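Trainee: just coords:
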């Protein structure tokens, strides 16, 4: 009975995470356990899911044990691919339990923010906590605070710590991608938490110095080091291979954060290596995967989308009333280190200022919000539908639906009666240093529209 098998696997995983590896008997037990994981994964990965969910925090700790890390990562990888959050999200009507360490850090972050920024950050943290295990959230914060390798003098301890950090980071990116595929807003919220935790720079600096990036091509299987194969392969967790995968996955899953780090903080001696690696490996693989996602998408409706890896272009056409709307997205050879270009000039029956605004929406989504091309096209279609229904876009971001939250403009100026997204307006206040309406320039006095 599969229910009984899942229960037994959970009990064995409980033994695994608490096992003290101080004898041959326990080492033999580990060999049997790893073989059991492989067989059940081949039978059905869902068999491992209850154990992975129950012990996700303990499995994170096991990533730092050289003997346990292979089994621990395979179970965490299964957990990361689950399309269900650990906790019900805020918008499902339930409160999310935020880990105490993260709650303490959240209060510290909010001390330097205005009220609206604090509310937005609370939502980011709540969504992150609904998907990420507590140990991973703590680890992300500690990496940003440079606490993860302090006090380690032995090289083997440092390597074990680094590999554990990189594997946990890779697992968090897997969770980010799955959460984003469930609802694209999840990606914005979780990536905002990662950005606030400030760990990406530390990870990239460490990984790039250890990674084997030279002479790699798109045909090389970078994922081989974490494959759930027929044999226990902890020897595949070589620091060079794990570091290379960490660089690849970071560029792929957090393109905007990587671009910002590359432009502002990447050491000069690493810039050329990273640029060549992105052009030869990451950009082609990312575009290929994105075209597969677009091909398999079922939510385009009457919009048609096609793309080519050769021209690095994605073209979408959408018929709305008597207008034919057309968008061409061109991916540079070193995306995301360089921005995508968007061209709507083939749109027929639409004023130029309008289609230029749509082009800007897509560029903001892909270049500034860690959004995928698929996400950007879907949001563009929703915005077009809203505009044709008569809804005016926000004058700050030029979009009807807020790129991050997908809310409609909900603050109305009492003087000129234009409507703005709450987050857009307060960011405008902050950047301009003035509390005036964006359009009429009168002292702000607004009403919240429900």
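Mentor: Done, it's in. Bear in mind the structure is a predicted one, so any value in this text is a computation, not a measurement. Numbering: from 1, shown residues only.
Trainee: Report the central residue of the protein.
Mentor: Note on the chain: the residue nearest the mean C-alpha position is residue 176, at 4.0 Å, using Cα atoms, centre = their mean.
Trainee: Pull the distance from the lowest-mean-pLDDT helix or strand in the chain to the chain's centre.
Mentor: Least confident helix or strand of the chain, by mean pLDDT, DSSP states H and E, is helix 24-43 with a mean of 81. Taking Cα atoms, centre = their mean, to the nearest Å, the mean C-alpha location of helix 24-43 is offset from the chain mean by 32 Å.
Trainee: ok, residue 208 - contacts?
Mentor: Residues in contact with residue 208, defined by Cβ atoms under 8 Å, 6 or more residues apart in numbering, are 243, 247, 270, 273-274. In this view, the C-beta of every residue, glycine as well, is placed from N, C-alpha and C.
Trainee: try 7 Å this time
Mentor: Counting by Cβ atoms under 7 Å, 6 or more residues apart in numbering, residue 208 touches 247, 270, 273-274.
Trainee: you'd agree the residue nearest to the centre of the chain is up against residue 192?
Mentor: No. Using Cβ atoms under 7 Å, residue 176 makes no contact with residue 192, being 11.1 Å away.
Trainee: what number of residues lie near the closest residue to residue 333 other than its chain neighbours?
Mentor: Spatially, and ignoring its direct neighbours in sequence, residue 333 is nearest to residue 279 (5.1 Å; Cβ to Cβ, 6 or more residues apart in numbering). By other Cβ atoms under 10 Å, 16 other residues sit near residue 279.
Trainee: And the helices in the stretch 151-300 of the chain?
Mentor: Assigned by DSSP state H, counting those that start in this stretch, the stretch 151-300 of the chain shows helices spanning 155-182, 184-197, 200-210, 239-253, 255-264, 268-277, 283-296.
Trainee: Could you export these as TSV, including mean pLDDT?
Mentor: Output for the helices of the stretch 151-300 of the chain, formatted as TSV (pLDDT from 0 to 100):
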stretch	mean pLDDT
helix 155-182	90
helix 184-197	93
helix 200-210	93
helix 239-253	94
helix 255-264	95
helix 268-277	93
helix 283-296	92
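Trainee: Adding distance to residue 372, write the ones you listed out as JSON lines.
Mentor: Output for these, formatted as JSON lines (distance: least, Cβ to Cβ, whole Å):
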{"stretch": "helix 155-182", "distance to residue 372": "8"}
{"stretch": "helix 184-197", "distance to residue 372": "8"}
{"stretch": "helix 200-210", "distance to residue 372": "18"}
{"stretch": "helix 239-253", "distance to residue 372": "10"}
{"stretch": "helix 255-264", "distance to residue 372": "9"}
{"stretch": "helix 268-277", "distance to residue 372": "20"}
{"stretch": "helix 283-296", "distance to residue 372": "6"}
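Trainee: Residue 379: which of those helices is closest?
Mentor: Residue 379 lies closest to helix 184-197 among these, at 7.3 Å (Cβ to Cβ).
Trainee: is it true that residue 426 lies in a helix?
Mentor: Yes. Residue 426: assigned to a helix according to DSSP: H, G, I helix; E, B strand; the rest coil.
Trainee: what about it, distance to residue 120?
Mentor: 9 Å (Cβ to Cβ, to the nearest Å).
Trainee: related to what we said a few turns ago, which of the helices of the stretch 151-300 of the chain sits closest to residue 380?
Mentor: Nearest of these (Cβ to Cβ): helix 184-197, 12.2 Å.
Trainee: Need the residues that contact the closest one.
Mentor: 109, 121, 123-125, 127-128, 131, 140-141, 144, 176, 179-180, 200, 254, 257, 369-371, 375, 404-406.
Trainee: what distance separates it from the centre of its chain?
Mentor: Between the centre of helix 184-197 and the centre of its chain there are 7 Å (Cα atoms, centre = their mean).
Trainee: ok, back up a step: would you list the buried entries among the contacts of helix 184-197?
Mentor: Buried residues within the contacts of helix 184-197, counting neighbours by 16 or more other Cβ atoms under 10 Å: 121, 123-125, 127-128, 131, 140-141, 144, 176, 179-180, 200, 254, 257, 369-371, 375, 404, 406.
Trainee: Which phi and psi values does the residue nearest to residue 425 when sequence neighbours are not counted adopt?
Mentor: The shortest distance from residue 425 to any non-neighbouring residue, by Cβ to Cβ, 6+ apart, is to residue 411 (5.6 Å). Backbone torsions of residue 411, given as degrees, to the nearest 10, read phi -120, psi 120.
Trainee: if I look at residue 411, how far off is residue 221?
Mentor: 50 Å.
Trainee: Also residue 240?
Mentor: For residue 240, the distance to residue 221 (Cβ to Cβ) stands at 15 Å.
Trainee: Compare neighbour counts for those two and give me the winner.
Mentor: Using other Cβ under 10 Å as the criterion, residue 240 and residue 221 rank with residue 240 on top: 13 against 7.
Trainee: Leaving out the residues flanking it, which one is nearest to the more buried one?
Mentor: Closest residue to residue 240 apart from its sequence neighbours, by Cβ to Cβ, 6+ apart: residue 212 at 4.5 Å.
Trainee: just residue 257 next, same as before
Mentor: Going by Cβ to Cβ, 6+ apart, residue 257 has residue 200 as its nearest residue, at 5.2 Å.
Trainee: how about that neighbour, what does it touch?
Mentor: Each residue near residue 200 by Cβ under 7 Å, 6+ apart is listed here: 194, 250, 254, 257, 261.
Trainee: which among those gets closest to residue 382?
Mentor: Ranked by distance to residue 382 (Cβ to Cβ), these are led by residue 254 at 23.9 Å.
Trainee: contacting residues around that closest one?
Mentor: 191, 194, 200, 370.
Trainee: separation between it and residue 169?
Mentor: Separation of residue 254 from residue 169 (Cβ to Cβ): 10 Å.
Trainee: give me the low-pLDDT residue ranges for the chain?
Mentor: 1, 21-26, 88-94, 146-156, 215, 217-220, 229-236 (pLDDT under 70).
Trainee: hmm, 80 instead?
Mentor: 1-3, 20-27, 88-95, 144-157, 215-220, 227-237, 321-322, 347, 450 (pLDDT under 80).
Trainee: Which residue ranges of it form strands?
Mentor: Shown for the chain, the strands assigned by DSSP state E span residues 304-308, 313-320, 323-330, 341-343, 411-413, 419-420, 446-448.
Trainee: Might you calculate how far the first one sits from the centre of the chain?
Mentor: In other words, strand 304-308. On Cα atoms, centre = their mean, the centre of strand 304-308 falls 24 Å from the chain's centre.
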